[in-house]
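*Asks:* Let's see this in three dimensions:
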Amino acid sequence: MGAPSSPGGALKGASGLPSPLDTAINWPKHRRLLHRPEFRAAYEQGMRRSSPHFTVFGVAARRAADRFGITVSRKLGGAVVRNRLRRRTRELLRRLPPAAGPACDIVINPRPTVATADFRRLGEELAATLDQLRRAVHTPPAAPERR
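*Replies:* As a prediction, this is how the structure comes out:
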């Protein structure tokens, strides 16, 4: 048998040092969309908002906090590129403050430019796009005009 791969059982990053972020703590299951019907509901029943780097879909939910899903199409590149897009988007979500008000189930589709764009600007853009989406989802539809 070989030697243990990580003495002390600590999570190791690419540098060989313990990982500064424990994803189980910073991205818990109750904050993620986990099943296909949840994603489909956001796509089919929800609202859509776009920005230069993201397309977001959202539907109102009866929960205490927003839940997020990230989807990246194979059209955007190989596994390395797709995983980079997911990691960057997930980190942007971690850095956003919790939203006040009613919750939504939100699916985020990053565009290929997310892989190389300025991180601070991406954060500002994603926050603004999510705010637009939440307002649209939770605004009651206008009553039809009567003549």
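*Asks:* Point out where this structure drops to low pLDDT.
*Replies:* Along the chain, the model assigns pLDDT under 70 to residues 1-26, 141-144, 147.
*Asks:* Tell me which stretches of it form strands.
*Replies:* Taking DSSP state E, the strands of the chain run over residues 47-50, 54-60, 67-70, 104-110.
*Asks:* Which one, of those strands, ends up nearest to residue 81?
*Replies:* Among the strands of the chain, strand 104-110 comes nearest to residue 81, with 10.6 Å by CB to CB. From N, CA and C alone the C-beta is placed, and that goes for glycine too.
*Asks:* before we move on, back to that, possible to save the strands of the chain as a markdown table with distance to residue 76 and mean neighbour count?
*Replies:* Below are those laid out as a markdown table (distance: least, CB to CB, whole Å; neighbours: other CB atoms under 10 Å):
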| stretch | distance to residue 76 | mean neighbour count |
| --- | --- | --- |
| strand 47-50 | 16 | 17 |
| strand 54-60 | 12 | 21 |
| strand 67-70 | 12 | 20 |
| strand 104-110 | 8 | 24 |
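*Asks:* ok, for residue 102, nearest residue in space, not its chain neighbours?
*Replies:* If the residues on either side of it in the chain are set aside, residue 102 comes closest to residue 138, at 5.3 Å by CB to CB, 6 or more residues apart in numbering.
*Asks:* gap between that neighbour and residue 78?
*Replies:* Plainly put, residue 138 is 38 Å away from residue 78 if you go by CB to CB, to the nearest Å.
*Asks:* Then residue 67?
*Replies:* Residue 67 sits at a distance of 28 Å from residue 78 (criterion: CB to CB).
*Asks:* Then residue 99?
*Replies:* Per CB to CB, residue 99 is found 33 Å from residue 78.
*Asks:* more crowded one of the two?
*Replies:* residue 99 (15 against 8; other CB atoms under 10 Å).
*Asks:* Hmm, residue 66 and that one touching each other?
*Replies:* Yes. With contact defined as CB atoms under 8 Å, residue 99 and residue 66 form a contacting pair (5.7 Å).
*Asks:* Alright, calling it a day.
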